[in-house]
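Engineer: got a structure for you, letters missing:
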């Protein structure tokens, strides 16, 4: 099992990124909550990781905090929730917001997330109701990331990768300011619009 990786950010195209660790490029997928906190490309970062092994693929997922990784693993144990849906949930809600949503049984908030239907929301409520965070949760402030060449296209691709249909993703992006914004900022604004 790979517990964490510490390396230089070589490429970032949400939800994917590449870390150079001692000359080896590791491809990871990460929720937007992690992307908001990443330093600039070329900087060193440490990410907590989860390795998923299937017959057809070995997939590595990266998380800025242990709490995010822990919630990802709990979500993966819920029947009908795969890695893609778990990443979408973590991209739409912080760990603290997710636990609050489960505690208050706010299924409406969960249903607003891409890929979460009524049955999945109810299953999450039932299967995770008794699980409490084991580490105190602290609020985090996102780091401003420099703008990429094509932030709107990257944001659109990321929203589609998170489970939105192309038309839904385009509609969300049209609702938020994009001028001079990084792809991460556009994605964050779009996900916040969904959560309202």
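Structural biologist: Nice, thanks for sending it over. Because the structure is a prediction, the values reported are computed rather than measured. Residues are numbered from 1 along each chain as shown.

Engineer: check which element follows the helix or strand hosting residue 123 along the chain.
Structural biologist: For residue 123, the element it lies in under DSSP states H and E is helix 118-128. The element immediately downstream of helix 118-128 (helix or strand, assigned by DSSP H and E) is helix 151-161.

Engineer: now do the buried residues in the next helix or strand after that next one.
Structural biologist: Where DSSP H and E defines the elements, the next helix or strand beyond helix 151-161 is helix 166-174. Buried residues in helix 166-174, counted by 16 or more other C-beta atoms under 10 Å: 169, 172, 173. Every C-beta, even on glycine, is put in place using the N, C-alpha and C of the backbone.

Engineer: the last one contacts residue 153, correct?
Structural biologist: No. Under the criterion of C-beta atoms under 8 Å, residue 173 lies out of contact with residue 153, with a separation of 9.7 Å.

Engineer: chain neighbours aside, what residue packs nearest to the residue minimising distance to the centre of the chain?
Structural biologist: Nearest to the mean C-alpha position of the chain, by C-alpha atoms, centre = their mean, lies residue 31 at 1.5 Å. Distance criterion C-beta to C-beta, 6 or more residues apart in numbering; nearest residue to residue 31, sequence neighbours excluded, is residue 90 at 3.6 Å.

Engineer: could you do residue 60 as well?
Structural biologist: Using C-beta to C-beta, 6+ apart, the closest residue to residue 60 is residue 28 (4.9 Å).

Engineer: what does the helix or strand containing residue 61 contact?
Structural biologist: With elements taken from DSSP H and E, the one containing residue 61 is strand 58-63. For strand 58-63, contacts defined as C-beta atoms under 8 Å, 6 or more residues apart in numbering pick out 2, 5, 17, 19, 26-31, 34, 47-52, 69, 72, 83, 87.

Engineer: could you identify the helix or strand that succeeds it?
Structural biologist: From strand 58-63 onward toward the C-terminus, using DSSP H and E, the following helix or strand is helix 66-76.

Engineer: quick one: list the elements packing against that following helix.
Structural biologist: If you count contacts as 3 or more C-beta pairs under 8 Å, 6 or more residues apart in numbering; DSSP states H and E, helix 66-76 packs onto strand 44-53, strand 58-63, helix 83-92, helix 95-103, helix 118-128.

Engineer: mind checking the longest helix of the protein?
Structural biologist: helix 183-195 (DSSP state H).

Engineer: list the helices and strands that one packs on?
Structural biologist: Judged by 3+ C-beta pairs under 8 Å, 6+ apart, helix 183-195 is in contact with helix 32-35, helix 83-92, helix 151-161, helix 166-174.

Engineer: deepest of those helices, which one?
Structural biologist: The highest mean neighbour count among these, using mean count of other C-beta atoms under 10 Å, belongs to helix 32-35: a mean of 25.

Engineer: can you tell me the element residue 28 falls in?
Structural biologist: Taking DSSP H and E as the criterion, residue 28 maps to strand 24-29.
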